[in-house]
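1. Have a look; sequence and predicted model below, questions after that.
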Amino acid sequence: MSPDQARDLFSEALEGDLDEAQKRAFEAALRDDPALAAEYEDFVDTFRIVGRLGEPETVQAPNLLPRIQERIRRRSGGRYYRDRFSRRSGGPGWAMPVVAAVAVILMLGVVWFALSTTILLEDDPGSRAPASDAAP
C-alpha cells in the first residue's frame, strides 16, 4: 500500500471500519514509513482534541447574576433584590409612620394636659375674688 492510499484510509482506520486485509496492509504501511506513522498519530491526536472541545465540563461559565443583583440593590437603595432580612423587617419605609403616630400621640397628650390644667384653674374657688370685696 502506498503512503497516499494509507492517508486516504486514516478516517476509516480511526473509526475501525477497515476489513482485515486493509487493516494488515495499513499497519504494514505505518511500520514501513515512520513519517506516515507520525502523520497518523497527529491525525488521531487532532480528532481527540476536537472531540474534547464539545464537552460541557471543559468550559465553566462564571455566574454573574449575584454580583449584578447586588449592584442593582445597592444603587436602588434596597428597592430591588432585597435580602430576606429586609423583606421580613419591612424595609426602611416602616419608621416614618411609627414616628408620625408617636408625634400625634404626644401632641394629643400635651393638648389634654393644657386643657385639663386650664379647666382646673378656672374651677378653683380660691382663685376668684369674693363678692364682698368688690367695689361699691
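-> Structure's in. What do you need? Numbering: from 1, shown residues only.
2. For the rest of this, base every contact and every neighbour count on C-alpha atoms.
-> OK.
3. longest helix anywhere in this protein?
-> helix 95-123 (DSSP state H).
4. That one packs against which elements?
-> Packing contacts for helix 95-123, counted by 3 or more CA pairs under 8 Å, 6 or more residues apart in numbering; DSSP states H and E, involve no helix or strand.
5. Quick check: buried residues in whichever strand or helix holds residue 44?
-> Per DSSP states H and E, residue 44 falls inside helix 34-53. Neighbour-count burial for helix 34-53, counted by 16 or more other CA atoms under 10 Å, picks out 36-37, 40.
6. which intervals of the protein have sub-threshold pLDDT?
-> 54-59, 83-93, 119-136 (pLDDT under 70).
7. coming back round to it: determine the set of other helices and strands touching the helix holding residue 44.
-> Using 3+ CA pairs under 8 Å, 6+ apart, helix 34-53 sits against helix 3-8, helix 10-15, helix 20-32.
8. The last one to helix 34-53, inter-axis angle?
-> Between helix 20-32 and helix 34-53, the angle comes out at 110 degrees (axes from the mean of the first three to the mean of the last three CA atoms, to 10 degrees).
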